[in-house]
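Student: here's my sequence, what's the structure:
(2 chains)
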Amino acid sequence: MSGEPPLVLIVDDVDHGREICAEYLEFRGFRVATAADGLEALDKAFALLPDLILMDLSLPGIDGWEATRRLKNDERTRHIPIVALTAHALASAHDRAKEAGCDSVVTKPCLPKDLEAEVRRWIESRTEGKTRAANEQG
Amino acid sequence: MGRVVQVKTKTETPRSLEAGPEARLELIESLLGEHETRACAVVALHWLVRNSRIERGFCAVVDSENGRLTGLVGIGVSAAALDAFSLDLDDSTHPLIVALASSEPVAFHSSGHALVRPFETPLGAGSFHAVPLARGNGSGELGPGLLLLAGPGDGPVGGDVCWAAEILGNRLTALWYHRIQIDGRRHKRERSWLLGVINAVTDPILLTDADGRILIANAGAEQLLTADEAKSEGRRRAVALNNMLFSSSLFTAAEANETTRKELLLVDPTEGQDLLFEVLSTPVKVRSNEIGVASILRNVTDLRRASEEIEENYRKLRAAELEARAERDRLDLILSSVLDPILVTDPGGNIVLMNPPAERMFTVAPGNRTSDAERRVRANDAVFTSFVSANLYAGQSGGQSRHWKGELSLLDPQTGAAVPMEAISGKVVAKHGEDTAIVTILHDLTEAVEKVQLYEQIKRHSEELREKVREATAELAEQNELLRRQAFQLEQASAMKSQFLANVSHELRTPLNAIIGYSHLMLEGVSGEINSSQREKLNRVDSNARHLLAIINDLLDITRIESGKMPIQVERVVLPELIDEVMTEVEPLIAGTSLDVTRKLAPRVPEIRTDRQKVKQIVLNLLSNALKFTPQGTIAIAIDYDPAAEEVSVAVTDSGIGISEENQRTIFEAFGQTDGSYVKRHGGTGLGLSICRRLATILDGRITLRSRLGEGSTFQLFLPRRVR
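Tutor: Just a heads-up that it's a prediction; the model follows:
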């Protein structure tokens, strides 16, 4: 595990949505990057290769579902856990997110601490996977 | 036999006074011209009177049948004396019988000599001559008769007398022979006729003498009683047997001396079978001093057989009659049991048989002999008779139709009501084609007519109904079309509503997210420390935001359920485990109260297959409600199973505030909470029970409520063992 804290890319077209998440996660010790639309999200994801992406689904231009699909279809970003963060409450929207490649779905509104717990869960599981792989290699 | 002649006067040789040859020829011619004995004797006597000195005289002739010498004709003698003259030929000592046997005239003198044996003649006292008539060429001791002649003087008879006696004798003899011959032929012919007649009689006829020997037998008798050597042994034996049987019967018959009748069993010699005869035996004189028996045998074998057959036939007839009577009784019984009137008429149209229903129509009941009833019966009779006879004659001229049918309008004799009848007649045709009877069956059409009327009525009503239905259908179709359009619109509206709600939900969540998020950031101290007053107010913001979120989530649930978009995930659910989970979740809530929460589990509650999450949501909601609305007391959760209905149930009973009857009706509706102020105190969206009921319904279950205001409530969830 690197000395740097995990980097979370927050994608949301709504300013306050991005702000609450970013502010809270930074407060809780994460590194944070943000994107306001799908295109930006893809650029930043490829550029930064974050440890986790919080992906809003309803986005102007390339929406969250499409962005997720592209990221999960790209060798560079396939391994990055993507947690959909959406105001859509219907199961159909959630199913579509899973189909697109999201690893989990969190419905807005959600408490920042609940979101943090979900983020930690995915990052830790990934880290454990990495550690296990490293141990097996060593 | 010695001939004793007391007085004998020798005839002298023919004297003078002889007739000439012409006279003699005349006599011969006269005699030849006569064919009667009497006439010949008359001719001869007259000739003698004319040609000799004979004055009186008569002719006596032999009656051989009676054995007497009787007077025939005389001249100068009284007829009575002549009739009285009759001598027995067997009296051989009588002078005249002696004279008859003599060949010469004998002179009797009334005086001068003594008569050994005096006798009288029609000539009376005085001398006379007895001149025997010539015997002719016939044989025999006696001639055909005597001429007793008296003349003046006692002189000997002349040659003419002797000649005349000879000529007359010859003539009489010739006539006699001639007659014998004719008689013989006639007898023979008559005998053959008689035999023919006797033989023509098929019944055996016999005449037997006193010793039982057969004198006469006809063919039938010979067949039975005679057999010559040429016949078969069996036949001869049969004949011998018959003779023996017949003789023994004769023996008894002869005793009786009158006609007797008896039965005699003989054997047919040809066929060998027994023949029964009735024997009629009559005594018959066969000779002057012998009585025989004439027997007529009547063959009664056939008669007996016939009589037996008649008896048998009679017996059969009796049996047939009995059977016919039984048949008739049976027929009567059958006819009586038929409810339709049945009548049998003869070809003349007269009613010969009726069953009781027919009697009711065609006779006047004894107890109801009114003029009206009689008139109606007559009318019925007339209608019926004309129906039968019209069709009978129509049938005869028309051809082979043996049945016909018609409708008769009769009257009920008692009530006078019109009785429409259907009539079916059939001819009973005998073997040779003649009609013997007509059988008619009537069938009361009253009911049928009523039925027809009823049917018409029904039909009319049915038509009306159909018209109404048609109108209603048209209206319905219109309504349907309207409804369909409305349904389509509703569907569209519903879809739009769902979409709208989804959008509303999305758009509400985003600002809520900001409110909750920022509140949280501040409460967590992300934006620096806050004082207690700020914290309290931020908590209010947070709590209201959460309440709003709960409302939004519930509304979304209802929308999903109503639009059928609520997915159901069926899995195995063990209810007690599920209840435990719910209890654990509400444990923090319970901990904050003084409530006594108990759980009761009925034995043998089976596993069910249903949507676990939804059941849990319902139970959780019910339990939360109970906790909310029970300030103090108890809450009991009871799990039960009804094997008959195959239902499991979860009952949540509290001793809380209870629900008024009025409110019980609306409690399951959205925002149906009873008391707004209470809601404010206890939270909740007012949509919980509405959602619970909807969820129970999509799980094929239901929720019931029993409650009394101030005493508490019981909500019970029923679920099938398996979601359909």
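Student: hey, let's count contacts and neighbours off CA atoms from now on
Tutor: Noted.
Student: ok, B:Ala437 to chain A distance?
Tutor: 97 Å (Cα to the nearest Cα, to the nearest Å).
Student: does that residue sit in a helix or strand, and which one?
Tutor: B:Ala437 is part of strand B:435-444, with elements assigned from DSSP states H and E.
Student: quick one: residues in contact with that strand.
Tutor: B:340-347, B:388, B:419-430 (Cα atoms under 8 Å, 6 or more residues apart in numbering or on different chains).
Student: if we go to 7 Å?
Tutor: In this structure, residues lying in contact with strand B:435-444 by Cα atoms under 7 Å, 6 or more residues apart in numbering or on different chains are B:340-347, B:419-430.
Student: what about chain A: which of these touch it?
Tutor: Taking Cα under 7 Å from any Cα of the partner chain as the test, chain A is in contact with none of the contacts of strand B:435-444.
Student: ok, back up a step: what is the following helix or strand past the strand holding B:Ala437 packed up against?
Tutor: Note on strand B:435-444: by DSSP H and E, the next helix or strand toward the C-terminus is helix B:446-523. Judged by 3 or more Cα pairs under 7 Å, 6 or more residues apart in numbering or on different chains; DSSP states H and E, helix B:446-523 is in contact with helix A:15-27, helix B:532-562.
Student: could you check the angle helix B:446-523 makes with helix A:15-27?
Tutor: Helix B:446-523 runs at 50 degrees relative to helix A:15-27, counting by axes from the mean of the first three to the mean of the last three Cα atoms, to 10 degrees.
Student: secondary structure element for the closest residue in space to B:Glu278 that isn't next to it in sequence, which one?
Tutor: The shortest distance from B:Glu278 to any non-neighbouring residue, by Cα to Cα, 6 or more residues apart in numbering or on different chains, is to B:Glu263 (4.4 Å). Element membership for B:Glu263 (DSSP H and E) is strand B:260-267.
Student: repeat that for B:Asp83.
Tutor: helix B:79-84.
Student: low pLDDT regions in chain A?
Tutor: A:1-2, A:129-138 (pLDDT under 70).
Student: excluding sequence neighbours, find me the nearest residue to the residue of it found nearest chain B.
Tutor: As assessed by Cα to the nearest Cα, chain B sits closest to A:Pro109 within chain A, at 4.0 Å. Once flanking residues are discounted, A:Pro109 sits nearest to B:Asn513: 4.0 Å by Cα to Cα, 6+ apart.
Student: who's in contact with that neighbour?
Tutor: A:108-110.
Student: ok, it to A:Leu49 distance?
Tutor: 27 Å (Cα to Cα, to the nearest Å).
Student: next one: B:Glu464
Tutor: B:Glu464 is 85 Å from A:Leu49, by Cα to Cα.
Student: those two: which is more packed in?
Tutor: A:Leu49 (18 against 12; other Cα atoms under 10 Å in any protein chain shown).
Student: let me see the contact set for the more buried one.
Tutor: Here A:Leu49 is in contact with A:Thr77 (Cα under 7 Å, 6+ apart).
Student: try 10 Å
Tutor: A:7-9, A:42-43, A:76-77, A:79-80 (Cα atoms under 10 Å, 6 or more residues apart in numbering or on different chains).
Student: which of these fall within strands?
Tutor: Judged by DSSP state E, strands contain the following of these: A:7-9.
Student: can I get those residues in TSV with distance to chain B and neighbour count?
Tutor: Below are the ones in strands among the contacts of A:Leu49 laid out as TSV (distance: Cα to the nearest Cα, whole Å; neighbours: other Cα atoms under 10 Å in any protein chain shown):
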residue	distance to chain B	neighbour count
A:Leu7	19	20
A:Val8	18	26
A:Leu9	18	25
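Student: for A:Met55, see how far away the closest residue to B:Thr301 other than its chain neighbours is.
Tutor: Take B:Thr301 and drop its neighbours on the chain: the residue closest to it by Cα to Cα, 6+ apart is B:Leu276, 4.8 Å away. According to Cα to Cα, B:Leu276 stands 146 Å off from A:Met55.
Student: more crowded one of these two?
Tutor: A:Met55 (29 against 20).
Student: wait, what's in contact with the residue nearest to B:Gly701 when sequence neighbours are not counted?
Tutor: Distances taken as Cα to Cα, 6+ apart place B:Leu719 nearest to B:Gly701, at 4.4 Å, with adjacent residues excluded. B:Leu719 makes contact with B:608-610, B:615, B:641, B:646-650, B:696-697, B:699-703, according to Cα under 10 Å, 6+ apart.
Student: buried ones from these, can you make that a ChimeraX selection?
Tutor: Buried subset of the contacts of B:Leu719, written as a ChimeraX selection, criterion 16 or more other Cα atoms under 10 Å in any protein chain shown:
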select /B:608,609,610,615,641,647,648,649,650,696,699,700,701,702,703
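Student: thought B:Ile296 was touching the residue nearest to B:Glu278, still the case?
Tutor: No: using Cα atoms under 10 Å, B:Glu263 is not in contact with B:Ile296, being 11.4 Å away.
Student: common neighbours of those two, please.
Tutor: In contact with both B:Glu263 and B:Ile296: B:277-280, using Cα under 10 Å, 6+ apart.
Student: got a winner among those residues for most neighbours?
Tutor: Of the shared contacts of B:Glu263 and B:Ile296, with other Cα under 10 Å as the count, B:Val279 tops at 27 neighbours.
Student: phi, psi of A:Thr107?
Tutor: Dihedral angles of A:Thr107 (phi, psi; degrees, to the nearest 10) stand at phi -90, psi 130.
Student: what's the answer for the one 5 residues further on, then?
Tutor: Backbone torsions for A:Pro112, taken as degrees, to the nearest 10, come to phi -50, psi -40.
Student: also B:Val428?
Tutor: phi -100, psi 110.
Student: give the burial count for B:Ser192, as a bare number.
Tutor: B:Ser192: 12 neighbours (other Cα under 10 Å).
Student: show me which residues of chain A sit near chain B.
Tutor: Counting by Cα under 10 Å from any Cα of the partner chain, the residues of chain A close to chain B are A:14-21, A:23-28, A:86-92, A:107-113.
Student: quick check on these: which are buried?
Tutor: A:16-21, A:23-26, A:86-90, A:107-113.
Student: please, where are all the helices along chain A?
Tutor: Taking DSSP state H, the helices of chain A run over residues A:15-27, A:38-48, A:64-72, A:91-100, A:112-137.
Student: just these: most buried one?
Tutor: helix A:64-72 (a mean of 22; mean count of other Cα atoms under 10 Å in any protein chain shown).
Student: so what secondary structure elements neighbour that helix?
Tutor: helix A:38-48, strand A:52-55, strand A:82-86, helix A:91-100 (3 or more Cα pairs under 10 Å, 6 or more residues apart in numbering or on different chains; DSSP states H and E).
Student: make TSV out of those and add distance to B:Ala382.
Tutor: Shown next, in TSV, are the helices and strands packed on helix A:64-72 (distance: least, Cα to Cα, whole Å):
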stretch	distance to B:Ala382
helix A:38-48	115
strand A:52-55	113
strand A:82-86	107
helix A:91-100	97
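Student: that older thread, name the helix or strand for the residue nearest to B:Gly701, please.
Tutor: Using DSSP H and E, B:Leu719 falls in strand B:712-720.
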